[in-house]
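Novice: sequence and predicted structure below; questions after.
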Amino acid sequence: MEFILFLIFSFICIAAVLNMLFQKESVYCALSLVVCMASLACLYLLLQAPFAAAIQIIIYAGAVMVLFLFVIMLLDPRSDSGSGRPRRMLFLATVLGISLFAALAVFLSRSQSFLNSGHPKPAAGQIGAVEVGLALFHRYLIPLEAVGILILMATLGAVLLAKKKI
């Protein structure tokens, strides 16, 4: 079963990357990158690395891609605003949304025992999520804040560039 899931998520990842490379619309390109990152997170789950999967979704597919989409939409105001989309895109989006919702429902129904078991302790020689969090917010707090300020400055720079274009 794991091998079949590996093949499915690998195919999704490769298809999303190819779509990203050959896509002409920048917003669709960024959304294809989100799909690729989500399938990589599923591959991490198959490799028994839930922390890496969560980081992949939260940081990359969540925060970074929201920033990318914000900057793309801000710098390209004349892009496709949603009018005149082909009906096949709407159908494909509906089918993919329903299938993703069904997969999420199956995952959540089967993972209740994992969620109710509490926080698993890492094996000897491994570092858990608690240790990573403590190191990140104690030892590496200044670099973390510096990255946050850098991202804020990049966003403000994009806003200023877009303001001059319009």
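Specialist: Perfect, I can see it now.

Novice: lowest mean pLDDT among the helices and strands of the chain, which one is it?
Specialist: Least confident helix or strand, the chain: helix 112-116 with a mean of 54, by mean pLDDT, DSSP states H and E.

Novice: export the next helix or strand after that helix to CSV, keeping only CA atoms.
Specialist: Going down the chain from helix 112-116, the next helix or strand is helix 129-134, by DSSP states H and E. What follows is helix 129-134, C-alpha atoms only, in CSV (Å, rounded to 0.1, in the frame of the first residue of the first chain):
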residue,chain,number,x,y,z
ALA,A,129,9.6,18.9,17.9
VAL,A,130,9.8,20.3,21.5
GLU,A,131,13.6,20.4,21.3
VAL,A,132,13.5,22.1,17.9
GLY,A,133,11.0,24.7,19.2
LEU,A,134,13.0,25.4,22.3
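
Novice: nearest residue to the middle of this protein?
Specialist: For the chain, A61 is the residue whose C-alpha lies nearest the centre (CA atoms, centre = their mean; 1.5 Å).

Novice: touching, that one and A38? I think so.
Specialist: Yes - between A61 and A38 there is a contact under CB atoms under 8 Å: 5.5 Å. Just so you know, the C-beta spots here come from the backbone N, C-alpha and C atoms, and that holds for glycine as well.

Novice: now the protein, which segments are flagged as low pLDDT?
Specialist: For the chain, the stretches with pLDDT under 70 are 76-85, 104, 107-126, 164-166.

Novice: do a quick rundown of the helices in it.
Specialist: Using DSSP state H, the helices assigned to the chain run over residues 2-22, 26-46, 50-55, 65-75, 87-110, 112-116, 129-134, 141-165.

Novice: which of those helices has the highest mean neighbour count?
Specialist: With neighbours defined as mean count of other CB atoms under 10 Å, those peak in mean count at helix 26-46, which reaches a mean of 19.

Novice: quick one: contacts of that one?
Specialist: Residues outside helix 26-46 that contact it (CB atoms under 8 Å, 6 or more residues apart in numbering) are 2, 5-6, 9-10, 12-13, 16-17, 19-20, 23, 50, 52-54, 56-57, 60-61, 65, 68-69, 72-73, 76, 79-80.

Novice: ok, 7 Å please
Specialist: 2, 5-6, 9, 12-13, 16-17, 19-20, 23, 52-53, 56-57, 60-61, 65, 68-69, 72-73, 76, 79 (CB atoms under 7 Å, 6 or more residues apart in numbering).
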